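Enquirer: quick one: sequence and predicted model below, then my questions.
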Amino acid sequence: MSKKKAFALRINEELLTAVEKWAADEFRSTNGQIEWMLSEFLKEHNRHPKSKK
């Protein structure tokens, strides 16, 4: 598993509210939802980092 790194994110209030609702609907934390969304986007665009095994 890769190391987690803290990162400050500025986001407009309406967008954050939408992400928080989606996270709650999926039983994830807001942070977990954002991480999942970014990962999915990167996979869809063939930019997801390769796993180190």
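Expert: Received, thanks. Numbering: from 1, shown residues only.

Enquirer: could you give me the buried positions within the lengthiest helix in the chain?
Expert: Under DSSP state H, the helix in the chain containing the largest number of residues is helix 30-44. Residues of helix 30-44 classed as buried by neighbour count (16 or more other Cβ atoms under 10 Å): 33-34. In this view, the C-beta of every residue, glycine as well, is placed from N, C-alpha and C.

Enquirer: quick one: mean pLDDT over it.
Expert: Regarding helix 30-44, the rounded mean pLDDT is 96.

Enquirer: I'd like to know which elements that helix is packed against.
Expert: Counting contacts by 3 or more Cβ pairs under 8 Å, 6 or more residues apart in numbering; DSSP states H and E, helix 30-44 packs against helix 13-25.

Enquirer: hmm, who's touching the longest helix of the chain?
Expert: 9, 16, 19-20, 22-23, 26, 28, 48-49 (Cβ atoms under 8 Å, 6 or more residues apart in numbering).

Enquirer: could you check the angle helix 13-25 makes with that helix?
Expert: 90 degrees (axes from the mean of the first three to the mean of the last three Cα atoms, to 10 degrees).

Enquirer: what about helix 30-44, distance to the chain center?
Expert: On the basis of Cα atoms, centre = their mean, to the nearest Å, helix 30-44 sits 3 Å off its chain's mean C-alpha point.

Enquirer: with only the CA atoms kept, save that helix in CSV.
Expert: Provided in CSV are the C-alpha atoms of helix 30-44 (Å, rounded to 0.1, in the frame of the first residue of the first chain):
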residue,chain,number,x,y,z
THR,A,30,-15.4,13.0,2.2
ASN,A,31,-11.6,12.5,1.9
GLY,A,32,-12.1,8.9,0.8
GLN,A,33,-14.7,10.0,-1.8
ILE,A,34,-12.3,12.6,-3.3
GLU,A,35,-9.5,10.1,-3.4
TRP,A,36,-11.8,7.6,-5.1
MET,A,37,-13.0,10.2,-7.6
LEU,A,38,-9.5,11.2,-8.5
SER,A,39,-8.4,7.6,-8.9
GLU,A,40,-11.3,6.8,-11.2
PHE,A,41,-10.6,9.8,-13.3
LEU,A,42,-7.0,8.9,-13.6
LYS,A,43,-7.8,5.3,-14.6
GLU,A,44,-10.3,6.5,-17.3
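
Enquirer: alright, that wraps it up for me.
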